[in-house]
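Novice: this one's sequence-less:
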């Protein structure tokens with residue numbers, strides 16, 4: 001155990017208004033201990049505050065159409081700082097700048113298809129989110145909606161729009177990329193845009209291989225990777241480095257090559273590896289920077305630069321001669337262009353909020369179609385550095401269902417397993433949560449929350465009817481600051497042990513945990529799973545505990561992860577530590593006789609003045625260093641706690657001024 005004075009009630013509350021400098025803290029000094037005692041006595045935690053950083057939200061989607069997949073994300077329009085990057089802008093100038101990326105697609109909560117016209121789940125997400133992003137995928141025809149959370153609920157109904165004539169066999173969608181590494185789609189009939197994917201690197205170029213449903217893009221920074229996006233699989237890979245940047249890219253299905261242009265040269269690239277196959281000079285451009293390439297249906301190659309639109313034609317010297325079509329200088333700087341199925345030429349301009357423009361290839365006449373300059377209440381709020389056209393042919397749609405579960409392969413997360421189809425993620429597909437404990441309960445500790453800190457990600461696997469069939473609890477013990485031999489488990493309060501078929505992935509070595517044949521703990525009224533009984537043996541080891549159910553269970557019955565998590569202190573089975581207001585399991589005891597003062601006589605895992613022994617943070621929480629209280633490490637924790645969770649709901653994030661990095665273990 002840690003050495004500290006028993007007389008200290010809890011941890012040092014250093015109010016943010018009194019913080020004037022950051023000290024190098026490795027231990028709590030006696031002065032700090034005395035200050036902590038004075039501060040904690042004056043701390044006023046509102047009655048009923050349970051230190052939750054999450055909220056439970058019920059999301060209901062109504063959609064009568066079959067074979068339509070939904071993906072739901074926690075939504076924030078804030079961009080996060082990714083770092084500094086040196087790159088070449090579209091004018092060809094090398095700059096070094098801060099890079100901020102969208103966080104829209106990083107917080108996937110669940111996927112699914114409406115069953116009998118309805119898709120409904122209750123999910124857990126950070127308390128500071130007030131909106132969700134609903135992405136609808138109708139056989140690669142994307143649409144989206146941002147919905148506000150109201151009274152812990154979101155209700156969304158899809159209103160089908162009037163369809164095209166039955167004679168129409170193709171739908172066009174404009175795929176757009178930008179230097180902020182966003183790939184999004186614009187519906188040319190409405191101007192509505194939808195996020196599709198985060199790119200590996202920001203880019204000024206994109207081109208589509210229609211037959212193979214592949215999008216190519218060149219990164220804007222050295223070594224200028226040629227990136228390939230599989231539209232059906234929603235995956236990226238780098239196929240090679242082209243070693244130069246530039247604004248223009250097009251795919252030519254006639255020869256299967258990528259055509260790339262920078263200034264007054266055209267290159268052809270092998271799309272399988274990025275190798276350069278040929279070069280041609282361009283003669284006649286008035287301005288050489290900016291713009292794009294596009295092949296018309298008859299094979300004519302068009303180029304735009306910042307001086308306007310040109311038609312290119314090879315001469316006898318094997319040079320491309322540029323003939324200017326737009327007679328006047330344009331009032332905008334074109335960054336990209338593409339032909340749609342009707343052979344209308346679409347362009348976008350260089351702006352913080354780009355416009356989409358339609359141009360006539362005969363006269364160079366043009367008009368704003370969408371965007372701020374169009375004056376029709378459309379605005380993208382982001383740059384379109386390049387665009388290309390993806391065509392969806394309704395006559396060739398294939399509804400393949402390999403496993404026969406009623407969910408077509410393109411919508412099925414498990415296309416070869418009829419028992420599985422979708423997933424719910426807690427806290428999100430790419431994010432981690434952290435449960436952190438103090439292990440001196442019911443005495444108080446030093447509140448560094450590193451006696452046991454466990455990162456977790458929970459995946460509820462669903463069948464085609466959106467019922468849970470399996471639970472995968474992925475965990476990694478990131479901190480183990482105690483000398484005790486502590487254990488960790490969860491109670492699924494709405495399930496009995498008999499509803500679980502099997503549990504795999506347990507790490508039990510101490511001999512005091514007794515199991516049923518299915519892997520659940522014996523003697524429990526509800527289903528209890530003990531993941532490990534000695535935290536020292538699983539430190540820094542990512543492990544998956546899989547819980548399979550005997551019959552599919554509704555997600556409303558299952559409840560939300562991480563359910564009722566708890567720590568067992570030093571092999572004393574009945575001595576459990578739960579989250580605030582958490583319930584002991586059947587084998588736990590709510591009250592203990594100890595030497596000193598019992599700070600939790602009522603067994604609600606909160607002190608008389610409302611402080612916890614365990615917290616659940618829906619974030620990859622960086623724990624304080626040994627004997628550094630959480631309030632010394634995180635400047636806004638105390639303000640959040642004393643406000644009852646209404647101020648600084650994101651106190652644990654790596655925002656400027658939020659953390660004292662020298663007091664945190666990374």
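Specialist: Alright, I've got the coordinates. From a predicted model like this one, the values you see are computed outputs, not experimental measurements.
Novice: Now do the same for residue 52: helix, strand or coil?
Specialist: coil (DSSP: H, G, I helix; E, B strand; the rest coil).
Novice: Kindly report the same for residue 278.
Specialist: strand.
Novice: who touches it in this structure?
Specialist: Applying Cβ atoms under 8 Å, 6 or more residues apart in numbering to residue 278 gives the contacts 267-268. Yep, even glycine has a C-beta here, placed from its N, CA and C like the rest.
Novice: again, only this time at 7 Å
Specialist: residue 268 (Cβ atoms under 7 Å, 6 or more residues apart in numbering).
Novice: repeat for residue 411
Specialist: Per Cβ under 7 Å, 6+ apart, neighbours of residue 411: 67, 69, 113.
Novice: Identify, from those, the entry nearest to residue 98.
Specialist: Distances from residue 98 to the contacts of residue 411, taken as Cβ to Cβ, are shortest for residue 69 (35.3 Å).
Novice: burial count for the closest one?
Specialist: Number of residues near residue 69 (other Cβ atoms under 10 Å) recorded here: 22.
Novice: how close does it sit to residue 141?
Specialist: To residue 141, residue 69 is 11 Å away according to Cβ to Cβ, to the nearest Å.
Novice: now the residue positioned nearest the centre of the chain, nearest residue through space, not along the chain?
Specialist: The centroid of the chain falls nearest to residue 106 when counting by Cα atoms, centre = their mean (1.3 Å). The shortest distance from residue 106 to any non-neighbouring residue, by Cβ to Cβ, 6 or more residues apart in numbering, is to residue 430 (5.5 Å).
Novice: likewise residue 306?
Specialist: residue 290 is the one closest to residue 306 (Cβ to Cβ, 6+ apart), at 3.9 Å.
Novice: State whether the one you found is indeed within a strand.
Specialist: No. Residue 290 is assigned coil when assessed by three-state DSSP, not a strand.
Novice: okay but it is in contact with residue 332, surely?
Specialist: No. Assessed by Cβ atoms under 7 Å, residue 290 is found out of contact with residue 332, at 10.5 Å.
Novice: neighbour-wise, which of these two wins?
Specialist: Higher neighbour count among residue 290 and residue 332: residue 290, with 23 against 18, using other Cβ under 10 Å.
Novice: Can you read off the pLDDT for that one?
Specialist: Reported pLDDT at residue 290 in the predicted model: 90.
Novice: In contact with it: list those residues for me.
Specialist: Contact analysis of residue 290 by Cβ under 7 Å, 6+ apart lists 90, 247, 305-306, 333-335, 350.
Novice: Farthest pair within these?
Specialist: Greatest spacing in these, by Cβ to Cβ: 305 and 350 (11.7 Å).
Novice: can you count the residues close to residue 141?
Specialist: For residue 141, the count of nearby residues is 17 (other Cβ under 10 Å).
Novice: My error: substitute residue 504 in the last question.
Specialist: Residue 504: 11 neighbours (other Cβ under 10 Å).
Novice: distance of it from residue 276?
Specialist: For residue 504, the distance to residue 276 equals 51 Å [Cβ to Cβ].
Novice: same thing with residue 400?
Specialist: 38 Å.
Novice: Equivalent analysis for residue 460, please.
Specialist: In terms of Cβ to Cβ, residue 460 sits 48 Å off from residue 276.
Novice: So between the two, which is more surrounded?
Specialist: Neighbours were counted for residue 460 and for residue 276 using other Cβ under 10 Å; residue 460 has more, 26 against 13.
Novice: Now do the contacts for that one.
Specialist: Contacts of residue 460 (Cβ under 7 Å, 6+ apart): 423-424, 468, 471, 555, 558.
Novice: So which of the residues you listed sit within helices?
Specialist: 555, 558 (DSSP state H).
Novice: Of the contacts of residue 460, which is the nearest to residue 540?
Specialist: Nearest member of the contacts of residue 460 to residue 540, counting by Cβ to Cβ, is residue 471, at 23.4 Å.
Novice: Does the closest one touch residue 548 like I think?
Specialist: No. Between residue 471 and residue 548 there is no contact under Cβ under 7 Å: 8.0 Å.
Novice: between these two, who's got more neighbours?
Specialist: Neighbour count, other Cβ under 10 Å: between residue 471 and residue 548, residue 471 has more, with 25 against 17.
Novice: and that one, what are its bridge partners?
Specialist: residue 460, residue 547 (DSSP bridges).
Novice: do you know how far it is from residue 490?
Specialist: 9 Å.
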